[in-house]
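> build me a model:
(chains A and B)
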There are 2 protein chains.
Amino acid sequence: MKKGLLFVITAPSGCGKGTLRRALLDEYTDIKFCPSVTTRQPRPGEVNGVDYTFVSVPEFMRRRDNDEFVEWAEVYGNYYGTPREDVEKALDEGSIVILEKDVQGARALRRVYPEGIFIFILPPSMDELKKRIESRGTENESEKTLRIESAHREIADLSDFDYVIINTDMERAKDRLAAIVLGERVAHGLYPC
Amino acid sequence: MKKGLLFVITAPSGCGKGTLRRALLDEYTDIKFCPSVTTRQPRPGEVNGVDYTFVSVPEFMRRRDNDEFVEWAEVYGNYYGTPREDVEKALDEGSIVILEKDVQGARALRRVYPEGIFIFILPPSMDELKKRIESRGTENESEKTLRIESAHREIADLSDFDYVIINTDMERAKDRLAAIVLGERVAHGLYPC
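Residues are numbered from 1 along each chain as shown, chains lettered A, B, ... in the order given. The predicted structure follows:
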């Protein structure tokens, strides 16, 4: 059993897990975020080493073959991995660690860290989910259709998750996320009060 | 703004909201549960005044006409109401108040108490939901079909809820519920520490 506490935040594409995570970290500076390593291109506003660690495919493969990932997966043609050393070190130090993963990555992590707290972010309705994915400018039509289909499949089985937060608006969703983190910290004796 | 904090627990039929609530109250004795008033028959193990306040139809109508309910509804041929005085008094006193409502009742309450914390309990998958409703002995076949259909509709729009707890097993679900209550209490300055 590690001394720290691991939270994994997951959401279907376009449902704001990145925005939520940034808002949480801005407010709670003692939470440690471990960015995933990825071969995908940065989106506007994403900072290397902050949001993700962006690497080339050969570099990703080198790290993978060197067993540097807790889990890794190919999602929509890009590779994503969770850096083992960062996460283990932070947990050993007793930190509150947050990871941001797609559903596939979260399921893989659940097997490695069964005692982690897995949080799924969901838009208030299926219609709203479709709307959000469609309104995002970063994918083409066939990619969007694929993401909507995936989202439906993902939501049908939530057995690997502990909590779902309904993201009606970002500010409220952030407060909900903070309350879960706070509640679990207190429950695990990791709240400084 | 009331001094207390209101939590509303909701679940589709057969998903254990009563069991969860009882487990939470056993552990946290300073939480106040306000039972709903209903005209339905008690189920085995349900205690009058503890789980529900069981009344006759004329008595329910008398209370309704006397404006004693925050909200009331007819669900599957029975009446359910939320007793205004109990809830208001407990909130005025600064208590942590828990209500247990069906989806219809929760949506009505959301309009009365927009600042309340609304929690939806969900089985890990749609298949599991069907299984749980089917395995319960208290309804006949057509009632069960009706409840499964309702559950699907209810889950498609979660916009009135703040949190969803995935109920994979009762003990874990109770810890999750407790963590949400704890986190919101701390966030609202109502945690005695």
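> any buried residues in the lengthiest helix in chain A, and which?
Identified as the longest helix of chain A according to DSSP state H is helix A:170-187. Judged by neighbour count (16 or more other CB atoms under 10 Å in any protein chain shown), helix A:170-187 contains these buried residues: A:173-187. To be clear about C-beta, it is placed using only N, CA and C from the backbone, and glycine gets the same treatment.
> what does stretch A:24-41 give?
So for stretch A:24-41, counting by 16+ other CB under 10 Å, buried means A:24, A:31-39.
> so which residues make contact with it?
Residues outside stretch A:24-41 that contact it (CB atoms under 8 Å, 6 or more residues apart in numbering or on different chains): A:21, A:49-57, A:60, A:63, A:69, A:78-83, A:86-87, A:90, A:95-101, A:105, A:174, A:177-178, A:181.
> again with stretch A:49-64
A:18, A:35-42, A:46, A:48, A:69, A:72, A:79, A:81, A:83.
> from those residues, which is closest to chain B?
Nearest to chain B out of the contacts of stretch A:49-64 is A:Gly18 (CB to the nearest CB; 20.6 Å).
> which SS state does the closest one fall under?
Assigned with DSSP: H, G, I helix; E, B strand; the rest coil, A:Gly18 falls in the helix class.
> so what's it up against?
A:Gly18 neighbours (CB under 8 Å, 6+ apart): A:46, A:51, A:100.
> what residues are up against the last one?
When you say that, I think you mean A:Glu100. A:8-10, A:17-18, A:21, A:33, A:35-36.
> for it, report the pLDDT, please.
Here, the pLDDT recorded for A:Glu100 equals 94.
> tell me what it is bridged to.
Note on A:Glu100: beta-bridge partners by DSSP bridges are A:Ile9.
> returning to what we had before: the longest helix of chain A vs helix B:170-187, what angle?
110 degrees (axes from the mean of the first three to the mean of the last three CA atoms, to 10 degrees).
> how far does helix A:170-187 sit from its chain's centre?
15 Å (CA atoms, centre = their mean, to the nearest Å).
> A:Lys3 against A:Asp92, yeah?
Yes - using CB atoms under 8 Å, A:Lys3 is in contact with A:Asp92, at 6.5 Å.
> I'd like to know how far the most centrally placed residue in chain A sits from chain B.
In chain A, the centroid-proximal residue (CA atoms, centre = their mean) is A:Glu100; its distance is 1.7 Å. A:Glu100 sits at a distance of 19 Å from chain B (criterion: CB to the nearest CB, to the nearest Å).
> coming back round to it: so what secondary structure elements neighbour the longest helix of chain A?
When contacts are defined as 3 or more CB pairs under 8 Å, 6 or more residues apart in numbering or on different chains; DSSP states H and E, helix A:170-187 sits against strand A:5-10, helix A:17-27, strand A:117-122, strand A:163-166, helix B:170-187.
> wait, which of the buried residues of helix A:170-187 is closest to A:Leu158?
Closest to A:Leu158 out of those is A:Ile180 (15.1 Å), distances taken as CB to CB.
> and the closest one, what pLDDT?
pLDDT, read off for A:Ile180, is 91.
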